[in-house]
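Trainee: quick check, what structure comes out for this input:
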Amino acid sequence: MASTMKIVFGLLTFVTVGMIIGALFQLAFIRKLEDSYGVPIWNNDKEAELLRLGYVKPEVISWSPRIILLHNFLSTEECDYLRAIARPRLYASTVVDAKTGKGIKSNVRTSSGMFLSPEEKNYPMVQAIEKRISVFSQVPIENGELIQVLRYEKDQYYKPHHDYFADTYNLKRGGQRIATVLMYLSDNVEGGETYFPMAGSGECSCGGKTMKGLSVKPIKGNAVLFWSMGLDGQSDPNSMHGGCEVISGEKWSATKWMRQRASS
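Mentor: I've put the predicted structure just below:
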């Protein structure tokens, strides 16, 4: 009887120890999976590092119009770099005149901004951003306009508008704008949301007011990719968007417009 009890006790001990070891292996496997998703391991993969794979988290927030929120699209260093380039060269922002295609001043848009030069486009950090935009938007780099950096101070805004052109002048230089990537370069901003009045069926916050539609809060490093053309190849009126009034702080952003073809 005693020997039987010893055998049973030994078997139970063996099974229990086996279950504990198995559970530990399972936890280690799960932890490894979590780490592979949450903490990128480059293994000297420069391409993965350039594209911030493992950091950028795409989130579809609307299918009509098509809007994708790209979390952690830019690094802190890239945000600060673009701001530093832009700060000494800011001037009052303009809008495109529908008749002439030229930039004109308007109370529709009260920010200040500047465009990176063709030479600055070749800087290594700017090239990295350009390539990332191209990969995530699936539009060739050469189809993109020069990056524009913008600053919105307190009470400044950009009323709802479309990014696609209504004039023939701009259509000759690369065709229609098909998509926009809007990158946020600063934190601690109250208000200043990117507002899509034709998206969603609920309500959102826009410059401290409750509005119908969908809005995206400006968070440093995040970016919004949205499409001005629908899947049918026609301009999408639902892509109307605007920059809500800044209540406090400074909102810095960088915009990249993507065209149908390379600018001639």
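Trainee: now do the helices in this structure.
Mentor: Using DSSP state H, the helices of the chain run over residues 2-38, 46-50, 76-86, 124-137, 168-171.
Trainee: how far is the last one from where the chain is centred?
Mentor: The one in question is helix 168-171. 27 Å (C-alpha atoms, centre = their mean, to the nearest Å).
Trainee: in that helix, which residues are buried?
Mentor: By 16 or more other C-beta atoms under 10 Å, the buried positions in helix 168-171 come out as 170-171. Just so you know, the C-beta spots here come from the backbone N, C-alpha and C atoms, and that holds for glycine as well.
Trainee: now the second one
Mentor: The neighbour-count criterion (16+ other C-beta under 10 Å) identifies Leu50 as the buried residues of helix 46-50.
Trainee: what's the average pLDDT for it?
Mentor: Average pLDDT, helix 46-50: 91.
Trainee: same thing with the third one?
Mentor: Per-residue pLDDT values across helix 76-86 average out to 98.
Trainee: by contact count, what packs against that helix?
Mentor: Helix 76-86 is packed against helix 124-137, strand 148-152, strand 177-184, strand 251-259, with contacts defined by 3 or more C-beta pairs under 8 Å, 6 or more residues apart in numbering; DSSP states H and E.
Trainee: please redo it, this time with the cut-off set to 7 Å
Mentor: helix 124-137 (3 or more C-beta pairs under 7 Å, 6 or more residues apart in numbering; DSSP states H and E).
Trainee: need the residues that contact the helix it packs on.
Mentor: With C-beta atoms under 7 Å, 6 or more residues apart in numbering as the test, helix 124-137 has contacts from 50-52, 70, 74, 78, 81, 116, 120-121, 140-141, 144, 179, 181, 225, 256, 258.
Trainee: are any of those residues buried, and which?
Mentor: The buried subset of those (16+ other C-beta under 10 Å) comprises 50-52, 70, 74, 78, 81, 116, 121, 144, 179, 181, 225, 256, 258.
Trainee: domain parsing of this protein, as residue ranges.
Mentor: 1-39, 46-259 (automatic domain parsing).
Trainee: next, the distance between the ends of the last one.
Mentor: Start-to-end span of domain 46-259 (C-alpha to C-alpha, to the nearest Å) is 28 Å.
Trainee: so who does Lys220 touch?
Mentor: 79, 184-187.
Trainee: try it again at 8 Å.
Mentor: With contact taken as C-beta atoms under 8 Å, 6 or more residues apart in numbering, Lys220 is in contact with 74, 76, 79, 184-187.
Trainee: quick check on the residues you listed: which are buried?
Mentor: Among the contacts of Lys220, the ones that count as buried (16+ other C-beta under 10 Å) are 74, 79, 184-186.
Trainee: farthest-apart pair in these, please.
Mentor: Based on C-beta to C-beta, the longest span within the buried ones among the contacts of Lys220 runs between Leu74 and Ser186 and measures 11.2 Å.
Trainee: wait, Glu120 sits on Leu82?
Mentor: No. At 9.8 Å, Glu120 and Leu82 do not qualify as touching, with contact defined as C-beta atoms under 8 Å.
Trainee: overlap in contacts, these two.
Mentor: Common neighbours of Glu120 and Leu82 (C-beta under 8 Å, 6+ apart) do not exist.
Trainee: beta partners of Phe226?
Mentor: On the basis of DSSP bridges, Phe226 is bridged to Ile67, Thr180.
Trainee: and the residue most central in space within the chain, how far is that from Leu171?
Mentor: For the chain, the residue whose C-alpha lies nearest the mean C-alpha position (C-alpha atoms, centre = their mean) is Ala223; its distance is 1.5 Å. Distance, Ala223 to Leu171, using C-beta to C-beta, to the nearest Å: 26 Å.
Trainee: same check on Asn238?
Mentor: For Asn238 relative to Leu171 (C-beta to C-beta), the value is 21 Å.
Trainee: go ahead and confirm Lys121 touches Leu146.
Mentor: Yes. Look at Lys121 against Leu146 with C-beta under 8 Å: they come within range, at 6.4 Å.
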